[in-house]
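> sharing a model prediction with you, sequence too.
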Amino acid sequence: MSEEQLNELSSRALQRIEAASTEEELETVRVEALGRKGALAQASRQMGALAPEERARIGKLLNAVKQSLESSLERRKAAFAEKALRERLESEWVDLTLPAPGIRPGSLHPVTQVQAELEDLFISLGFTVLGGPEVETERNNFDALNIPPEHPARDMQDTFWLEGGYVLRTHTSPVQVRGMERLGPPLRMIAPGRVFRNEEVDASHEHTFYQIEGMMVDRDVSIAHLLYFMKTLISAIFHRDVTVRLRPGYFPFVEPGFELDIHCLICGGKGCPVCKYNGWVELLPCGLVHPNVLRMSGIDPEEWNGFAFGLGLTRLVMMRYGIDDIRLLMSGDLRFLRQF
Ligand code: PHE
């Protein structure tokens, strides 16, 4: 390779280095000029064919070209790095002197809010608020409520069975049993809490939801007492006229038993997924306590009787706020929860 050719190669490579607009282009130039199979490597391989003094001159020139290309590459590479850094600093810029966003107050979950309201209401009516465990004995969840092992009524509730005769309670009714056995008659109690059913989840069913149990045991309790408390409850919750209907309902622990339905407040009775397209929503199953239930908890049904109800608290919250999908309540989604 002649001196001329080398100078030519050098100036073309320098031009390309100056013109490169990305680091990748720079790298291509480096490989083609300075790489192991690059132009300079080739030139130095041809040197063996030169006369000794030629060789010294071309050798010197080769080194000079190599150094100048290397230093140009370094310079341009540093320029790219600096530009990248500048861009990053520009985009990640934070103003530390801005005022802090301040305290954002939280709020209670809508189920908790309505539960607290109902507790206040029932406390004002002379009821005690009781709690019970979510893992219950089979006896408290079923047997003591007049649902013996082989009874078909066991199929009314899809149960999560645990080992050792325990269940995730399917309703708050086992707290009736605990209340009767601990406190005895006369008794006025409510028991709000979380319950579990082995259900397919959809817009109106969850495997986990909330109920409020209510029970009154006294002398000469009648359906008139039951209806009075149910009406007081419903008007306290909805603060408006709600159409209700009472129909017979079967629950082994009450006799007679009722289903108190309300006109669906989501669709106004026209039909929607929440009311399963029939316009009515079961809200308040209730009835007079079955004598067997009193007897099993050590209360003499000749002397005492009572009523009980099991309010679907989750469903009630949905009706009150017009929430058309039960899953929202369990989602933990703050955009949803901040509305309450
Ligand atoms: N425990 C019943 C249920 O969850 C509801 C109920 C309670 C019915 C009290 C009558 C009396 O289905």
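Perfect, I can see it now.

> and whichever residue of the chain sits closest to the ligand, how many neighbours?
The ligand sits closest to Gly310 of the chain, with a gap of 2.6 Å, by C-beta to the nearest ligand atom. Just so you know, the C-beta spots here come from the backbone N, C-alpha and C atoms, and that holds for glycine as well. Neighbour count of Gly310, defined by other C-beta atoms under 10 Å: 23.

> do Gly48 as well
7.

> what is the neighbour count of His205?
12.

> and the one 5 residues further on, by the same measure?
Taking other C-beta under 10 Å as the neighbour definition, Tyr210 ends up with a count of 23.

> next, the residue lying closest to Ile223 once chain neighbours are set aside: phi, psi?
Counting by C-beta to C-beta, 6 or more residues apart in numbering, Ile223 lies nearest to Leu288, which is 6.7 Å off, once chain neighbours are set aside. Note on Leu288: backbone dihedrals following degrees, to the nearest 10 are phi -90, psi 140.

> might one say that Leu288 is in contact with Phe251?
No. Applying C-beta atoms under 8 Å, one finds Leu288 not in contact with Phe251, separated by 10.8 Å.

> quick one, domains of the chain?
3-91, 110-337 (automatic domain parsing).

> hmm, back to that, more neighbours, Leu288 and Phe251?
Phe251 (23 against 19).

> and the closest residue to that one other than its chain neighbours, backbone torsions?
Setting aside the residues directly before and after it, Phe251 is nearest to Gly257 in space (C-beta to C-beta, 6+ apart), at 4.6 Å. When quoted as degrees, to the nearest 10, the phi and psi of Gly257 stand at phi -120, psi 150.

> what parts of the stretch 201-340 of the chain come near the ligand?
By C-beta under 6 Å from any ligand atom, the part of the stretch 201-340 of the chain that sits against the ligand consists of 251, 254, 257, 285-287, 308-310.

> okay if I get those as CSV plus distance to Val65, pLDDT and secondary structure?
Conversion of those to CSV gives the following (distance: C-beta to C-beta, whole Å; pLDDT from 0 to 100; DSSP: H, G, I helix; E, B strand; the rest coil):
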residue, distance to Val65, pLDDT, secondary structure
Phe251, 98, 96, coil
Val254, 102, 98, strand
Gly257, 101, 97, strand
Pro285, 95, 95, strand
Cys286, 99, 96, strand
Gly287, 102, 97, strand
Ala308, 99, 98, strand
Phe309, 97, 97, strand
Gly310, 93, 96, strand
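
> got a markdown table for those residues, with distance to Glu200 too?
Output for those, formatted as a markdown table (distance: C-beta to C-beta, whole Å):
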| residue | distance to Glu200 |
| --- | --- |
| Phe251 | 22 |
| Val254 | 27 |
| Gly257 | 26 |
| Pro285 | 21 |
| Cys286 | 26 |
| Gly287 | 28 |
| Ala308 | 28 |
| Phe309 | 26 |
| Gly310 | 21 |
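
> ok, of the residues you listed, which one's closest to Ala19?
Closest approach to Ala19 among those (C-beta to C-beta): Gly310, at 81.4 Å.

> which strand residues bridge that closest one?
With DSSP bridges applied, Gly310 shows beta-bridge pairing to Glu213.

> please enumerate the helices of the stretch 101-250 of the chain.
Taking DSSP state H, counting those that start in this stretch as the test, the helices found in the stretch 101-250 of the chain are 110-124, 138-141, 174-183, 223-238.

> CA atoms of the longest one as PDB?
Yep, that's helix 223-238 we're talking about. Provided in PDB are the C-alpha atoms of helix 223-238 (Å, rounded to 0.1, in the frame of the first residue of the first chain):
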ATOM      1  CA  ILE A 223     -94.300 -11.900  63.600                       C
ATOM      2  CA  ALA A 224     -95.500  -8.400  64.400                       C
ATOM      3  CA  HIS A 225     -92.300  -7.800  66.300                       C
ATOM      4  CA  LEU A 226     -90.200  -9.200  63.500                       C
ATOM      5  CA  LEU A 227     -91.900  -7.000  60.900                       C
ATOM      6  CA  TYR A 228     -91.500  -3.900  63.000                       C
ATOM      7  CA  PHE A 229     -87.800  -4.400  63.300                       C
ATOM      8  CA  MET A 230     -87.400  -5.300  59.600                       C
ATOM      9  CA  LYS A 231     -89.300  -2.100  58.500                       C
ATOM     10  CA  THR A 232     -87.300   0.000  60.900                       C
ATOM     11  CA  LEU A 233     -84.100  -1.500  59.400                       C
ATOM     12  CA  ILE A 234     -85.100  -0.900  55.800                       C
ATOM     13  CA  SER A 235     -86.200   2.600  56.100                       C
ATOM     14  CA  ALA A 236     -83.100   3.500  58.200                       C
ATOM     15  CA  ILE A 237     -80.900   2.200  55.400                       C
ATOM     16  CA  PHE A 238     -82.500   3.500  52.300                       C
END
